[in-house]
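# can't give you the sequence, but here's the structure:
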Ligand code: FCB
């Protein structure tokens, strides 16, 4: 077996998706509260107001983690609980909640892996432009200082941001996530300021907790065409741009201290917010890289009239780079409830690609991986065999990547519990633990039992 002896087996969640209690203990409003309260944004009008009430059920949830034998728990800290207005006043009751959580984890021998930002930006900061305002990067650094200082004696490993690609592009260009803008220039401005915030937060972690590991969590995937296109077809350029946005923007800026040429060449729309010295801040060395992987980014070339659709002009003008001449390929493999493909080999390829392409790549963790399936409960049992097969295939893929030289130190399944799945509301169930959203009863799916065995056998039951 190739999983190293001290491989960290864990599970992941995030604050807004599980906590509920949005008005409790002085929590301020976040852009996700605002987004949910805006009609038509979230499926079924669902909100995170109650979610799975983890805020009030945390001790019982800790016991479940213990029962599963988790080595690590990846969660996020809600900025608006710590600083209700995003800056200034500190809410100690918010800090107290995470204090109890962290103590509860340590008491059960579970390593806390907190992420400082998993998308719940304080609304008050959106009022000054959110991530399109450079100042917000400094507010993030100040918030980071408060949190890291409070927990520096008990937390050894920090993630700054979760999936900045989603915050920037789904939030500011596609408009399907908070804050719901459709403005490509705003998306690139946010993409840059998020990385600036990351760089500043890394420095804060160095200053406040010099022994702690600082890292970031990115959603990454191989990007490719599943069907050939003639050499002069715009699909090739689009794939390059998609790869630049999804993968290289974040990786190159951190590990090579530059942004991809293909994007910089697009001019103002992309470069507007970048100032001298920023890339030096962004490329401060990190100690670990978290990778969230669900499926490959697969496209097919389109021909004829369709090809011109969404053509990108020099200013961007509403369209996103990389939209030209392609559309998403139909899903392959076992298709999840979300309509996502199952492409487990992509995870191996991705981990190997990172290892080959980035000389100063730090140790890696798969910080999210999982799938949405809503299998029925029969006599208290939920046979989610498709989830088990998904997890098995991806874990074997991680194992192969390790054999091929990738330095992967841990794996966190997404998600520990069913939860509020952003724009999809409660209709996508990612948990290895089922939650009845009316009664808040938690039931271990078969995949939870399977995962428990993965942990105890150190992966030997994967076959
Ligand atoms: C990721 C998010 C996580 C969850 C999964 C399904 O993009 O980080 O919060 O929603 O997707």
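It's in. Nothing here was measured: the structure is a model prediction, and the numbers come from that model.
# So which bits of the protein are right by the ligand?
Residues of the chain found near the ligand (Cβ under 6 Å from any ligand atom) are 14, 17, 162-163, 166, 219, 292, 368, 414, 421-422, 430. All C-beta atoms are positioned from the backbone trio N, CA, C, and that covers glycine.
# Can you tell me which of those residues end up in helices?
With DSSP state H as the criterion, helices contain residue 17 from among the residues of the chain next to the ligand.
# ok, so of the residues of the chain next to the ligand, who is nearest residue 384?
Nearest to residue 384, judged by Cβ to Cβ, of these is residue 430 at 10.8 Å.
# so how many other residues sit close to that closest one?
A count of nearby residues for residue 430, using other Cβ atoms under 10 Å, gives 26.
# Output the residues of the chain next to the ligand as JSON lines; include the columns pLDDT.
Output for the residues of the chain next to the ligand, formatted as JSON lines (pLDDT from 0 to 100):
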{"residue": "14", "pLDDT": "99"}
{"residue": "17", "pLDDT": "99"}
{"residue": "162", "pLDDT": "99"}
{"residue": "163", "pLDDT": "99"}
{"residue": "166", "pLDDT": "98"}
{"residue": "219", "pLDDT": "98"}
{"residue": "292", "pLDDT": "99"}
{"residue": "368", "pLDDT": "99"}
{"residue": "414", "pLDDT": "99"}
{"residue": "421", "pLDDT": "99"}
{"residue": "422", "pLDDT": "98"}
{"residue": "430", "pLDDT": "99"}
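# ok, of the residues of the chain next to the ligand, which come out buried?
In the residues of the chain next to the ligand, burial by neighbour count holds for 14, 17, 162-163, 166, 219, 292, 368, 414, 421-422, 430, counting by 16 or more other Cβ atoms under 10 Å.
# Would you mind giving the residues you listed as a markdown table with distance to residue 236 added?
Below are these laid out as a markdown table (distance: Cβ to Cβ, whole Å):
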| residue | distance to residue 236 |
| --- | --- |
| 14 | 36 |
| 17 | 37 |
| 162 | 31 |
| 163 | 26 |
| 166 | 25 |
| 219 | 23 |
| 292 | 27 |
| 368 | 30 |
| 414 | 32 |
| 421 | 34 |
| 422 | 32 |
| 430 | 34 |
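# one step back: of the residues of the chain next to the ligand, which belong to strands?
When DSSP state E defines the strands, the subset of these inside them is 162, 219, 292, 368, 414.
# Spell out which helix or strand contains residue 224, please.
According to DSSP states H and E, residue 224 maps onto strand 223-225.
# which residues touch the closest residue to residue 403 other than its chain neighbours?
Closest residue to residue 403 apart from its sequence neighbours, by Cβ to Cβ, 6 or more residues apart in numbering: residue 2 at 5.0 Å. Neighbouring residues of residue 2 by Cβ atoms under 8 Å, 6 or more residues apart in numbering: 399-400, 402-403.
# can you pick the most crowded of the residues you listed?
Of these, residue 402 is surrounded by the most neighbours, 21 neighbours in total, counting by other Cβ under 10 Å.
# returning to what we had before: in what element of secondary structure is the residue nearest to residue 403 found?
Using DSSP H and E, residue 2 falls within no helix or strand.
# Quick check: it vs the ligand, distance?
Using Cβ to the nearest ligand atom, to the nearest Å, residue 2 is found at 26 Å from the ligand.
# in the least confident helix or strand in the chain by mean pLDDT, what counts as buried?
Across the helices and strands of the chain, mean confidence by mean pLDDT, DSSP states H and E is lowest for strand 326-328: a mean of 92. Burial within strand 326-328, assessed by neighbour count using 16+ other Cβ under 10 Å, is assigned to residue 326.
# Given it, what are its sheet partners and their directions?
Applying DSSP bridges, strand 326-328 is found paired with strand 297-301 (antiparallel).
# which one is residue 43 nearest to, not counting chain neighbours?
Leaving aside its sequence neighbours, residue 43 sits nearest to residue 425 (Cβ to Cβ, 6+ apart; 4.1 Å).
# give the contact list for the one you found.
By Cβ under 8 Å, 6+ apart, residue 425 lies in contact with 42-46.
# For it, grab phi and psi.
Per-residue torsions, residue 425: phi 60, psi -140 (degrees, to the nearest 10).
# and the residue of the stretch 101-250 of the chain nearest the ligand?
As assessed by Cβ to the nearest ligand atom, the ligand sits closest to residue 163 within the stretch 101-250 of the chain, at 4.9 Å.
# which one is that residue nearest to, not counting chain neighbours?
Leaving aside its sequence neighbours, residue 163 sits nearest to residue 219 (Cβ to Cβ, 6+ apart; 4.4 Å).
# Surely that neighbour touches residue 293?
Yes. If you go by Cβ atoms under 8 Å, residue 219 and residue 293 touch, sitting 7.5 Å apart.
# residues shared between the contacts of the two?
Common neighbours of residue 219 and residue 293, using Cβ under 8 Å, 6+ apart, are residue 368.
# now the strands for the stretch 101-250 of the chain?
In the stretch 101-250 of the chain, the segments counted as strands under DSSP state E, counting those that start in this stretch are 111-117, 157-162, 213-219, 223-225.
# which of those sits most buried?
Mean neighbour count (mean count of other Cβ atoms under 10 Å) peaks for strand 157-162 among the strands of the stretch 101-250 of the chain, with a mean of 26.
# what angle separates that strand from strand 213-219?
Counting by axes from the mean of the first three to the mean of the last three Cα atoms, to 10 degrees, strand 157-162 lies at 30 degrees to strand 213-219.
# and strand 157-162, which strands flank it?
When DSSP bridges is applied, strand 157-162 pairs with strand 111-117 (parallel), strand 213-219 (parallel).
# Identify the residues contacting the last one?
It stands for strand 213-219. 115, 156-166, 198, 201-202, 205-206, 246-247, 250-251, 254, 286-294, 362, 365, 367-368.
# how about 6 Å then?
157-163, 165, 198, 202, 205, 250, 286-290, 292, 367 (Cβ atoms under 6 Å, 6 or more residues apart in numbering).
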